[in-house]
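In: just the structure for this:
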Amino acid sequence: MTTPSPDVHCLPPLLHDLLPPYRISGATGAVLLRVQHVLDTRIAPTAAQRDRSGGYPHQAIAALKPTGILALAVPVEWGGMGVTQDLSLEVMLRLAVADPAVAQIYKVHDDLLREIFAYAPPALKAQLAARILGEHIILGMAVAENGRTADSFLQTLARPGPDGMHVLCGRKIYATGASGADLVAVSSFNPVAAQQAGSVRAGVRMDLVPRGTQGMVFHHDWNRMGQRATDSGTVTLEQVCVHDSWNALASDADLPQHVALRFQAGFSAILAGIGIGALRTVCAFVPRNARPWGAAGVEHAEQDPYVRRLLGEIGADLFGAYCAVMEAGRMLERYEGGQVSRGAVAMAASAARSLATRAGLRAASDAPSAAGARGTDAAYALDRYWRDARTVSLHDPVEWKNAEIGRHLLTGWLPKPGLYQ
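Out: You can find the predicted model right below:
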């Protein structure tokens, strides 16, 4: 018999032996163990209440901050953990099992860190890393705008001000995590800089605006059927002054070509996590509370062969989605290491999104049928899983992911880098 090393940490299984314990060593493992403890004792037990009340989950994020989770994606050379992208996806998925709104807020922080540390000036990287490590600050995002199409992002304007300042004016929507963030990543466009350089790219900025900056107003108008505790509402910028030292995106910086693919992989992790959360809740409910159907001829609901078949099939779907999400994370790592093409990562990310969308929605919708009519009692809040999964799934159409895979298989076509592909 082999004795595990005392340096190896074991996270609990997600679905018994179908998704068994997750083993990880070292300081990162210790952080994840602390995170899991907070999820199990503080966040999961209160998720249904946050769903009912909405608003930013201040207490949940405050409970997570001391665990060290916010430094996981900070590169090692800047003092962080520098975890792999599949491990970040594992964290997002486990957060989503407990509370998918908290998972999406963390996802924004993780995505932004990986993006900003790829192109920000060294001085800003040093300052950002120091604040994350020393103060446990969290990043939020105010990027999306209400343009004619979903990828219109040049309406918030930046104009030069005195003493190395720029003044931002505009309106943002879907600002996930912004209202409770310590720094809000705000995209804007400086048409003067673009005209002078003869390039639209030269006018694009990404400023990290400190919370409390005058003129940055959070409207708390997020009123959707799911993901209610993300507080992903409107942010207006009314003559917001920000120093150029907070602009993470230098005009000559090389932009990473796989940001959108990482973004999609994170949504896949959340969708799979929602499905796993729904299945776990139903599997705990059935033996304790469900009544067996008379024609089944069994004493207990968990003995019903149709209940077993349904939940087993959903579990198998989620197993496939989980594996696809983790493979997408590994492919992102290989791409950054120069081992695979962007096209290969795009196919993996699209496949993960397709599988996770179907598996998550089916688990959230169909697993409750095993609970019977008793499971519809508001006290069990089973409906939140479907509302959350449906809301996340609509972020951008999964049909486009399937179509891109099909087009590639038929013609060899590969998607060009873009905001959603």
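
In: run through who's touching stretch 298-306.
Out: Outside stretch 298-306, the residues that touch it by Cβ atoms under 8 Å, 6 or more residues apart in numbering are Val286, Pro287, Ala290, Arg291, Pro292, Trp293, Ala296, Val307, Arg308, Ala370, Gly372. (Each C-beta comes from the backbone N, C-alpha and C, glycine too.)

In: for the first one, give me its contacts.
Out: By that I understand Val286. For Val286, the contact set (Cβ under 8 Å, 6+ apart) comprises Ala301, Glu302, Val307, Leu311, Ala370, Ala371.

In: am I right that it sits in a strand?
Out: No. Counting by DSSP: H, G, I helix; E, B strand; the rest coil, Val286 is located in no strand; its state is helix.

In: what's the spacing between it and Tyr322?
Out: Here Val286 is placed at a distance of 22 Å from Tyr322 (Cβ to Cβ, to the nearest Å).

In: same check, this time on the third one
Out: Here the criterion is Cβ to Cβ. By it, Ala290 lies 26 Å from Tyr322.

In: between these two, tell me which one has more neighbours.
Out: For Ala290 versus Tyr322, neighbours defined as other Cβ atoms under 10 Å are more numerous around Tyr322 (27 against 20).

In: would you say the more buried one is within a helix?
Out: Yes. According to three-state DSSP, Tyr322 belongs to a helix.

In: which residues does the residue lying closest to it once chain neighbours are set aside contact?
Out: Leaving aside its chain neighbours, Tyr322 sits nearest to Ala272 (5.4 Å; criterion: Cβ to Cβ, 6 or more residues apart in numbering). With contact taken as Cβ under 8 Å, 6+ apart, Ala272 is in contact with Leu93, Ala96, Leu318, Ala321, Tyr322, Val325, Ala356, Ala359, Gly360.

In: which of the three states applies to Ala272?
Out: Secondary structure state of Ala272, per three-state DSSP, is helix.

In: need the contacts of stretch 298-306 in JSON lines (columns: secondary structure).
Out: Below are the contacts of stretch 298-306 laid out as JSON lines (three-state DSSP):
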{"residue": "Val286", "secondary structure": "helix"}
{"residue": "Pro287", "secondary structure": "helix"}
{"residue": "Ala290", "secondary structure": "coil"}
{"residue": "Arg291", "secondary structure": "coil"}
{"residue": "Pro292", "secondary structure": "coil"}
{"residue": "Trp293", "secondary structure": "coil"}
{"residue": "Ala296", "secondary structure": "helix"}
{"residue": "Val307", "secondary structure": "helix"}
{"residue": "Arg308", "secondary structure": "helix"}
{"residue": "Ala370", "secondary structure": "helix"}
{"residue": "Gly372", "secondary structure": "coil"}
